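Student: Got a predicted structure plus its sequence, pasted below:
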Amino acid sequence: MTKTRKPGMSRRSTLALMGAGAVTFATPWVARAQAKTIKIGMPTILSGRVAQLGTSSRNAVMIEVDKVNAAGGLAGRTIEMVIRDSKGQPQEAARVARELVNTDGCELLIDAEASSGAFAVHEVARDLGVFCIHTNSETSSLTADPKQHIPNAFRTARQGVHDSIVGGGYAAAIAKAKGLKRWATCSPDYAYGRDTTGEFVYYLKQFAPDVEIISDAWPKLFQPDYTEVVTKILQAKPQAMYSALWGGDLTSYIDQANIYALFGQMEVFAVNMADYTALTVVKNLPKGIHSGNRYIKTYPATAENAAWGDAYKAKFNEYPTNWSWENATAVMLLAEASRKANSADGKKIADAMRGLTIKSPFGADGTVTMRAEDQTLIGYAIGWGTTIPNEPYVPEVKSGDWKQILALEAEWKKTKGYT
């Protein structure tokens, strides 16, 4: 049976990229006994409105897997990826993850789901005891809440509270300078949207106590029509608005809000704007939207980051996304942890990964660290800036201070009862 390959991908690292049709021919016990290959399962979203989440995650994983395999694999075992489409449905994500382990013989999982599916995959990892690394879910509680903690699950995705601390401080400074006291919010109605918005508002008010939230809107995930949401916000007459919409939802919202000239009537802070997912898709990108960095090849402003972004674009004819760097980082960490442990065993990799620091084109100082206490990534480049309608899209980014981020995060964990 022949599977279609993307241009530029090696045959060995490409397996059934068309989602649920993924097939392997060896039974799990035979595959493990062969020891020449190690299967890594990857549930993600490859169809529907946010399919770019899955395709850009997959592309980045394949780039890094090819590098690892060229260098000898994980402890001498060649990586074989098994990638399946969850269609953005949490129940399907859980079913697929379980099948990847029990039927396909995958020994490790890269969970490239959005938050709605990541919590479901997390429970599968808890039940099966399989090594799992979450690459896209930014909902803080996934790793911050000790009730969620399991020793075999890690996260390379950025964490919502980190963005909220930096974004809240950035927005508060602008609010004070421009007298922006009346605010609205518009974010997706599920864990990531509500948690991240709550965290942003908390820090905005910490830094600018005079701010008042006068209106909030919670559109459903993948909602097609935002007319009612846009008009509700305009009728409230806020001076500023915060949004955690992302991907196709964010681009659809902007295109529809442009019809009502929303962006000329208030300052807009959209945490997920500064990513090629949105920057290159919006028909008429408004100037002056404030955003946290997601992925742009000009931030961090290093040769390593620019080279990684250009190499990705050369291979796939599009720029990488926030999901891309998060998934690439997962493979980089797997490779280094495996080298450190001299093993491809999930438990030994987990032991080696706790507290591990690696060189990274996405690091604030050229490195990122897998924090041991909650097994989540820190040290990645994080900042906010304002958009322009063409490249470099966000010409100036004000970097966050990781000392401040960590100090305020520790206080936040106490208020949530996490420590």
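Tutor: Yes, it's here. Numbers count the residues shown, from 1 in each chain.

Student: Give me the secondary structure label for Met81.
Tutor: Taken by DSSP: H, G, I helix; E, B strand; the rest coil, the conformation at Met81 corresponds to strand.

Student: which residues does it bridge with?
Tutor: Beta-bridge partners for Met81, by DSSP bridges, are Ile40.

Student: Tell me, how many residues neighbour it?
Tutor: 23 (other C-beta atoms under 10 Å). Where C-beta positions appear, they are placed from N, C-alpha and C, glycine not excepted.

Student: I'd guessed it sits against Met62; true?
Tutor: Yes: Met81 lies in contact with Met62 (C-beta atoms under 8 Å); the separation is 7.0 Å.

Student: Need the phi and psi values for Ser137.
Tutor: Main-chain torsions, Ser137, degrees, to the nearest 10: phi -70, psi 120.

Student: Show the model's pLDDT score for Thr14.
Tutor: Note on Thr14: pLDDT of 39.

Student: sorry, that was for Ala93
Tutor: With respect to pLDDT, Ala93 scores 98.

Student: Report the buried residues of the one helix or strand it maps to.
Tutor: Using DSSP states H and E, Ala93 sits within helix 90-102. Within helix 90-102, the residues scored as buried using 16 or more other C-beta atoms under 10 Å are 90, 92-101.

Student: And for it, what's in contact with it?
Tutor: Helix 90-102 is contacted from outside by 20, 28, 41-43, 82, 84-86, 106-107, 109, 111, 113, 116-121, 123-125, 128, 130, using C-beta atoms under 8 Å, 6 or more residues apart in numbering.

Student: Of all residues in the chain, which one is nearest the centre?
Tutor: Asn136 (3.3 Å; C-alpha atoms, centre = their mean).

Student: what about Gln404, how many neighbours?
Tutor: Residue neighbour count, defined by other C-beta under 10 Å, stands at 12 for Gln404.

Student: Could you do Lys205 as well?
Tutor: With other C-beta under 10 Å as criterion, Lys205 counts 16.

Student: what about it, helix or strand, and which?
Tutor: Assigned by DSSP H and E, Lys205 falls in helix 191-207.

Student: just checking, what packs against that helix?
Tutor: Judged by 3 or more C-beta pairs under 8 Å, 6 or more residues apart in numbering; DSSP states H and E, the packing partners of helix 191-207 are helix 115-128, helix 160-178, strand 182-186, strand 240-243, helix 402-415.

Student: which one is Gln223 nearest to, not counting chain neighbours?
Tutor: Leaving aside its chain neighbours, Gln223 sits nearest to Asp249 (6.9 Å; criterion: C-beta to C-beta, 6 or more residues apart in numbering).

Student: Quick one: mean pLDDT for whichever strand or helix holds that neighbour?
Tutor: Using DSSP H and E, Asp249 maps to helix 247-259. On average, the pLDDT along helix 247-259 is 95.

Student: And the contacts of that helix?
Tutor: With C-beta under 8 Å, 6+ apart as the test, helix 247-259 has contacts from 49-50, 52-53, 186, 188, 219, 221-227, 229-230, 243, 245, 263, 270, 272-273, 277-278, 281-286.

Student: and what of stretch 46-61?
Tutor: Under C-beta under 8 Å, 6+ apart, the answer for stretch 46-61 is 6, 17-19, 42, 44-45, 81, 83, 85, 87-88, 110, 112, 114, 135-136, 222, 247-249, 277, 312, 315-316, 318, 320-321, 323-328, 330-331.

Student: quick revisit: of the contacts of helix 247-259, grab the buried ones for PyMOL.
Tutor: A single PyMOL command selects the buried members of these (16+ other C-beta under 10 Å):
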select buried, resi 49+50+52+53+186+188+219+221+223+226+229+230+243+245+263+270+272+273+277+278+281+282+285+286
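
Student: where along the stretch 1-150 of the chain do the strands fall?
Tutor: Secondary structure of the stretch 1-150 of the chain (DSSP state E, counting those that start in this stretch): strands located at 37-44, 78-85, 108-111, 131-134.

Student: how about low-confidence regions in the stretch 51-200 of the chain?
Tutor: By pLDDT under 70, the stretch 51-200 of the chain contains no weakly predicted segment.

Student: what's the distance between the nearest residue to Leu245 once chain neighbours are set aside and Trp246?
Tutor: Nearest residue to Leu245, sequence neighbours excluded (C-beta to C-beta, 6+ apart): Tyr253, at 5.3 Å. With distances taken as C-beta to C-beta, to the nearest Å, Tyr253 is found 10 Å from Trp246.

Student: Show me which of the two is the more surrounded one.
Tutor: Trp246 (29 against 24).

Student: Not counting residues beside it along the chain, what's closest to that one?
Tutor: Nearest to Trp246 is Asn272, by C-beta to C-beta, 6+ apart, at 4.0 Å.

Student: do you know how far the residue nearest to Gln223 is from Glu80?
Tutor: Asp249 sits at a distance of 34 Å from Glu80 (criterion: C-beta to C-beta).

Student: Leu377 too?
Tutor: 25 Å.

Student: Out of those two, name the residue with the larger neighbour count.
Tutor: More neighbours surround Leu377 than the other of Leu377 and Glu80, with 27 against 23 (other C-beta under 10 Å).

Student: does that one count as helix, strand or coil?
Tutor: Classification of Leu377 using three-state DSSP returns strand.

Student: Could you find the closest non-adjacent residue to it?
Tutor: The spatially closest residue to Leu377, leaving aside those adjacent along the chain, is Thr156, at 4.9 Å (C-beta to C-beta, 6+ apart).

Student: give the contact list for the one you found.
Tutor: When contacts are counted by C-beta under 8 Å, 6+ apart, Thr156 is found next to 133-135, 326-327, 329-330, 333, 370, 377.

Student: Next, give phi and psi for it.
Tutor: Backbone torsions of Thr156, given as degrees, to the nearest 10, read phi -100, psi -10.

Student: Tell me the spacing between it and Arg126.
Tutor: Taking C-beta to C-beta, one finds Thr156 at 19 Å from Arg126.

Student: Tell me the bridge partners for Ile358.
Tutor: On the basis of DSSP bridges, Ile358 is bridged to Val368.
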